[in-house]
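Asks: pasting the sequence and the predicted coordinates here, then a few questions.
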Number of protein chains: 2
Amino acid sequence: MRARDMAEDLPTVRLDDGALLAATMLARRRLPGVVVVDGDPGRPVAVLPASQVLRFLVPHYVQEDPSLAGVFDERTADRCAARLGEQAVRDLLPPADRRTELAKVDGDATVIECAAVMARLRSPLLVVADRDVVHGVLTASHLLEILLPAQGT
Amino acid sequence: MRARDMAEDLPTVRLDDGALLAATMLARRRLPGVVVVDGDPGRPVAVLPASQVLRFLVPHYVQEDPSLAGVFDERTADRCAARLGEQAVRDLLPPADRRTELAKVDGDATVIECAAVMARLRSPLLVVADRDVVHGVLTASHLLEILLPAQGT
């Protein structure tokens, strides 16, 4: 079984798409992250985790001291959400030269190769792609399901 | 709305439970991670991510050089899975003094407090608990869903 056969379909967003589109996609489909591509259809360049969007929404002073959350009411949250509407996906990611290595394998990678890349990068999502064609993603728990087929509890 | 009302039920495992039980739970329910408690019902002490179990299953030399995965065939994987049967959950976690800070809030935390803790620790899972009572977990995408209720795509 090869990575392209195991990969599950997941929506992608482009670097130039609106940040609010990506946030709404993560929220509505309850995704842990979304694959970001450069161009259309495009080369995968990053995974945008939902927690990264939260970092954008919550001011730094509240992240450092959650007891200050009291001064950050829901109207303030609404204003932050509105700010998402003015940003692009690329604004939520680190600059290209400071991005962490993308967890990615070719379509013909074996399950062990997939597990090895995911384990090394401690990534919750693995992108399966050949050049500009994103086949989909694999999660760590999906790989465990494949690796432990005959085990019972 | 308070954290205890938003939290979703998620199974927990104990430090002394078998590692194979935890791995099978992650695989079958396709969970990104599971909350580890010390004792019964127990105080939450860590989140065991599915990617951490993969790190245990895949030998270091294959993680460092996935091209060596060819020598790591499925029978070897079976042996690694069998090794899980001999370990406890605590063996898959770093020692207590080297564990990263647990992403956790009290049951009465507000949505902004939850988002702040999750954003600061870049954690995909937030544990909601009062002392020995685990109310459940929140994911980053669930918090986004609450914070962006009125937004459209």
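Replies: Sure, I can see it.
Asks: just after the lowest-mean-pLDDT helix or strand in chain A, pick out the following helix or strand.
Replies: One helix or strand of chain A scores below all others by mean pLDDT, DSSP states H and E: helix A:74-84, with a mean of 73. With elements assigned by DSSP states H and E, the helix or strand that comes after helix A:74-84 is helix A:89-92.
Asks: flag every buried residue along that next one.
Replies: A:Val89, A:Arg90, A:Leu92 (16 or more other Cβ atoms under 10 Å in any protein chain shown). To be clear about C-beta, it is placed using only N, CA and C from the backbone, and glycine gets the same treatment.
Asks: which one of those sits closest to chain B?
Replies: Nearest to chain B, judged by Cβ to the nearest Cβ, of those is A:Leu92 at 12.1 Å.
Asks: thought that closest one was touching A:Gln52?
Replies: Yes: applying Cβ atoms under 8 Å, one finds A:Leu92 in contact with A:Gln52, separated by 6.0 Å.
Asks: on that earlier part again, of the buried residues of helix A:89-92, just say which sits nearest to B:Leu31.
Replies: Using Cβ to Cβ, A:Leu92 comes nearest to B:Leu31 of these, at 25.6 Å.
Asks: what's the residue most central in space within chain A sitting at in phi/psi?
Replies: In chain A, the C-alpha nearest the mean C-alpha coordinate belongs to A:Gly33, at 2.8 Å (Cα atoms, centre = their mean). When read as degrees, to the nearest 10, the backbone of A:Gly33 gives phi -170, psi 170.
Asks: which residues does the residue nearest to it when sequence neighbours are not counted contact?
Replies: Closest residue to A:Gly33 in three dimensions, ignoring its sequence neighbours and counting by Cβ to Cβ, 6 or more residues apart in numbering or on different chains: A:Pro49, at 4.2 Å. Contacts for A:Pro49 (Cβ atoms under 8 Å, 6 or more residues apart in numbering or on different chains) come out as A:Pro32, A:Gly33, A:Pro124, B:Arg122, B:Pro124, B:Ala140.
Asks: again, 10 Å this time
Replies: A:26, A:31-34, A:55, A:92, A:123-125, B:122-124, B:140-141 (Cβ atoms under 10 Å, 6 or more residues apart in numbering or on different chains).
Asks: now swap in A:Arg55 and tell me
Replies: By Cβ under 10 Å, 6+ apart, A:Arg55 lies in contact with A:Pro49, A:Gln63, A:Leu92, B:Ala115, B:Ala116, B:Met118, B:Ala119, B:Arg120, B:Arg122, B:Ala140.
Asks: please identify the helix or strand for the second one.
Replies: Think A:Gln63. Element membership for A:Gln63, per DSSP H and E: helix A:60-64.
Asks: any buried residues in that helix, and which?
Replies: Here helix A:60-64 shows A:Val62, A:Gln63 as buried, counting by 16+ other Cβ under 10 Å.
Asks: report all helices and strands that it contacts.
Replies: Applying 3 or more Cβ pairs under 10 Å, 6 or more residues apart in numbering or on different chains; DSSP states H and E, we find helix A:60-64 packed against helix B:111-121.
Asks: next SSE after the helix it packs on?
Replies: Next element after helix B:111-121 (DSSP H and E): strand B:125-130.
Asks: so A:Glu40 sits in a helix?
Replies: You called it Glu, but residue A:40 is Asp. No: the assignment for A:Asp40, made by DSSP: H, G, I helix; E, B strand; the rest coil, is coil rather than a helix.
Asks: number of nearby residues for it?
Replies: 10 (other Cβ atoms under 10 Å in any protein chain shown).
Asks: please name the nearest non-neighbouring residue to it.
Replies: Per Cβ to Cβ, 6+ apart, closest to A:Asp40 is A:Arg14, 6.2 Å.
Asks: below-threshold pLDDT in chain A: ranges please.
Replies: A:70-74, A:76-77, A:149-153 (pLDDT under 70).
Asks: buried ones in the helix or strand harbouring A:Leu138?
Replies: Element membership of A:Leu138 [criterion: DSSP H and E] is strand A:133-139. Across strand A:133-139, burial judged by 16+ other Cβ under 10 Å covers A:Val134, A:His135, A:Gly136, A:Val137, A:Leu138, A:Thr139.
Asks: now do whatever helix or strand comes next after it against helix A:111-121, angle only.
Replies: Beyond strand A:133-139 in the direction of the C-terminus, DSSP H and E gives the next helix or strand as helix A:140-147. Here the directions of helix A:140-147 and helix A:111-121 differ by 150 degrees (axes from the mean of the first three to the mean of the last three Cα atoms, to 10 degrees).
Asks: circling back to that earlier point, so the strand holding A:Leu138, near chain B or not?
Replies: Yes: contact between strand A:133-139 and chain B, assessed by Cβ under 10 Å from any Cβ of the partner chain, occurs at A:Thr139.
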